[in-house]
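Chemist: Structure, please.
(one chain, ligands or ions: 1)
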Amino acid sequence: MLKVGVLALQGAVAEHLKCIEKAGAIPVTVKKTEQLADLDGIILPGGESTTIGRLMNLYGFIGGLKAFHEEGKPIFGTCAGMILLAKEIEGERPHLGLMDINVERNAFGRQIDSFEAELMIPGVAVNFPAVFIRAPYVKETYGEARILAKYNQKTVAVEQGTLLATAFHPELTDDPRIHAYFIEMVKKAKQRRLLVK
Ligand code: GLN
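Modeler: Numbers count the residues shown, from 1 in each chain. Reported below is the predicted structural model:
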């Protein structure tokens, strides 16, 4: 069975663990880099990207996750997790710098702190109930990044090889389709890794 971790330094961890289990994989709470070797994929949850980034630095996850990516293991970032994956963050230095996107934090304004919207995500889900909480948006994609979904002309979901990122929180709804899509990515990546070995 596939093992999929959730980086548990700060943020919305428990809900992702449940979604992974529902999608048919073994969920793992990840607090140490040593755990990465045993995983087939990992989710970087929402929370506060500055805080998570600082803790990632402190506990060796910047190098650990870059190596994880190099090995061909999929990473899915939701909300703050998307910010952590980005090569560019408006006005700030990047964290992992893996994804060919430029993101802007808290991009939907202070008045509308959080909201829900139905998204059309071709190939993934029709009418996905997306929950946005002080969400970032993708200002620009380049290189290998592919836009998966937009909301009000703003890009809110992207994919790039073994990387997936959403500005919203798919773990906060009962809709399992995005997690199922990620688990499928993890499965295919594992098959590829086994072929190469
Ligand atoms: N606003 C947060 C940040 O910039 C992200 C919010 C979230 O993950 N829900 O890090």
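Chemist: which phi and psi does the most centrally placed residue in the chain have?
Modeler: Nearest residue to the geometric centre of the chain (C-alpha atoms, centre = their mean): Gly77, 1.2 Å. With angles defined as degrees, to the nearest 10, Gly77 sits at phi -110, psi 130.
Chemist: Where do the strands of this protein begin and end?
Modeler: Per DSSP state E, the chain carries strands over the ranges 3-7, 26-30, 41-44, 75-78, 86-89, 99-104, 114-121, 125-133, 137-141, 146-151, 154-160, 163-166.
Chemist: Give me the helices and strands touching the longest helix seen in the chain, please.
Modeler: Counting by DSSP state H, the longest helix found in the chain is helix 177-196. Under the contact definition 3 or more C-beta pairs under 8 Å, 6 or more residues apart in numbering; DSSP states H and E, helix 177-196 sits against strand 3-7, helix 14-22, strand 41-44, strand 125-133, strand 163-166. Every residue, glycine included, has its C-beta placed from N, CA and C.
Chemist: Convert it to PDB, retaining C-alpha atoms only.
Modeler: Presented in PDB, the C-alpha positions along helix 177-196 are these (Å, rounded to 0.1, in the frame of the first residue of the first chain):
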ATOM      1  CA  ARG A 177     -11.500  14.000  -5.600                       C
ATOM      2  CA  ILE A 178      -8.400  16.100  -5.300                       C
ATOM      3  CA  HIS A 179      -6.800  13.800  -2.800                       C
ATOM      4  CA  ALA A 180      -7.700  10.800  -5.000                       C
ATOM      5  CA  TYR A 181      -6.000  12.700  -7.900                       C
ATOM      6  CA  PHE A 182      -2.900  13.200  -5.900                       C
ATOM      7  CA  ILE A 183      -2.800   9.500  -4.700                       C
ATOM      8  CA  GLU A 184      -3.100   8.500  -8.300                       C
ATOM      9  CA  MET A 185       0.000  10.700  -9.000                       C
ATOM     10  CA  VAL A 186       1.800   9.000  -6.100                       C
ATOM     11  CA  LYS A 187       0.900   5.600  -7.500                       C
ATOM     12  CA  LYS A 188       2.200   6.400 -11.000                       C
ATOM     13  CA  ALA A 189       5.400   7.900  -9.600                       C
ATOM     14  CA  LYS A 190       6.000   4.800  -7.500                       C
ATOM     15  CA  GLN A 191       5.600   2.600 -10.600                       C
ATOM     16  CA  ARG A 192       8.100   4.800 -12.400                       C
ATOM     17  CA  ARG A 193      10.600   4.700  -9.500                       C
ATOM     18  CA  LEU A 194      10.400   0.900  -9.300                       C
ATOM     19  CA  LEU A 195      11.000   0.600 -13.100                       C
ATOM     20  CA  VAL A 196      14.100   2.700 -12.900                       C
END
